[in-house]
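# starting from these lines, generate the structure:
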Amino acid sequence: MPDYLILLAAYLVGAIPFSFLIARFASGIDLRQAGSGNVGATNVLRTTGRGPAIAAFLCDFLKGFLPVFIAQAVNLSEQMIMATGLCAILGHLFPFALKFKGGKGVSTSFGVLWALAPMVTCVILAVWLLGAQFGKYASVGALAAFLVLPFLVLWLKPELVFFSILLAALIYTRHWKNIQRLMKGEEKKSSFFKNKDENSG
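Numbering: from 1, shown residues only. Now for the predicted structure:
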């Protein structure tokens, strides 16, 4: 299969808007018009509840993991494997079915990283969960995790340094508005350990 078709397939898998579909099925809501307006698992948590949010996270995780896993299984080059992961993430960020307005890429990036560097991913998942829980904001967890990522990769998986920096830059770019709200004290709290009503504050 030509490389461009592989990359297109990865984008199309990444572009499946699972969070949007799960929220629509579970509560009949349009995530783009509810909560933060973001099409991601955190907004599913905020608007629909913990169960649907966990389902959304796992589906978004898998659409990052599976394209990379398959690319590895068919022995594509290391560059193509990373490009496949990047296209899956870009599909999540810019899904054609939602007029290219997608989520922020955290769950899908975790899936890609799990296929590429599972030990690194375990650590940044822990940083993400701890940061979100004790920092009271999902965005704090994500920003902390992807700040740590390039340093961990440099230590444990140096061949992924450039990819990890690119990924961190994407995550920070997508969270720019969250960073601004955090600086102003206007960011909404979110936690997987609270119900959706408590998360709405």
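
# then the helix or strand hosting Leu7 to PDB, C-alphas only?
Here Leu7 sits within helix 3-14, counting by DSSP states H and E. In PDB, the C-alpha atoms belonging to helix 3-14 read as follows (Å, rounded to 0.1, in the frame of the first residue of the first chain):
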ATOM      1  CA  ASP A   3       2.600   5.500   2.100                       C
ATOM      2  CA  TYR A   4       0.000   8.300   1.500                       C
ATOM      3  CA  LEU A   5      -2.900   5.800   1.700                       C
ATOM      4  CA  ILE A   6      -1.500   4.500   5.000                       C
ATOM      5  CA  LEU A   7      -1.300   8.000   6.400                       C
ATOM      6  CA  LEU A   8      -4.800   8.800   5.100                       C
ATOM      7  CA  ALA A   9      -6.200   5.700   6.800                       C
ATOM      8  CA  ALA A  10      -4.500   6.700  10.100                       C
ATOM      9  CA  TYR A  11      -6.100  10.200   9.700                       C
ATOM     10  CA  LEU A  12      -9.500   8.700   9.000                       C
ATOM     11  CA  VAL A  13      -9.300   6.400  12.100                       C
ATOM     12  CA  GLY A  14      -8.200   9.400  14.200                       C
END
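
# which residues does it contact?
Here helix 3-14 makes contact (CB atoms under 8 Å, 6 or more residues apart in numbering) with 63-64, 66-67, 71, 76, 80, 83-85, 87-92, 95, 108. From N, CA and C alone the C-beta is placed, and that goes for glycine too.

# for the residue nearest the centre of the chain, what are its contacts?
By CA atoms, centre = their mean, the mean C-alpha position of the chain lies nearest to Val106, the distance being 2.0 Å. By CB under 8 Å, 6+ apart, Val106 lies in contact with Gly40, Ala41, Trp128, Ala142, Ala145, Phe146, Ile171.

# show the backbone phi and psi for Gly37.
Main-chain torsions, Gly37, degrees, to the nearest 10: phi 80, psi 0.

# if we can go back for a sec, so of the contacts of Val106, which ones are in helices?
Ala41, Trp128, Ala142, Ala145, Phe146, Ile171 (DSSP state H).

# show me what contacts the residue lying closest to Phe61 once chain neighbours are set aside?
Among residues not flanking Phe61 along the chain, Gly111 sits closest, at 4.0 Å (CB to CB, 6 or more residues apart in numbering). Going by CB under 8 Å, 6+ apart, Gly111 touches Asp60, Phe61, Leu62, Lys63, Gly64, Phe65, Leu66, Val68, Ala88.

# please apply the same query to Ile89.
Per CB under 8 Å, 6+ apart, neighbours of Ile89: Gly14, Gly64, Gly105, Thr108, Ser109, Val112, Leu167, Leu170.

# determine which two of the contacts of Val106 are furthest apart.
Among the contacts of Val106, the pair separated by the greatest distance (CB to CB) is Ala41 and Phe146, at 15.7 Å.

# next one, pLDDT for Lys196 please.
pLDDT, Lys196: 49.
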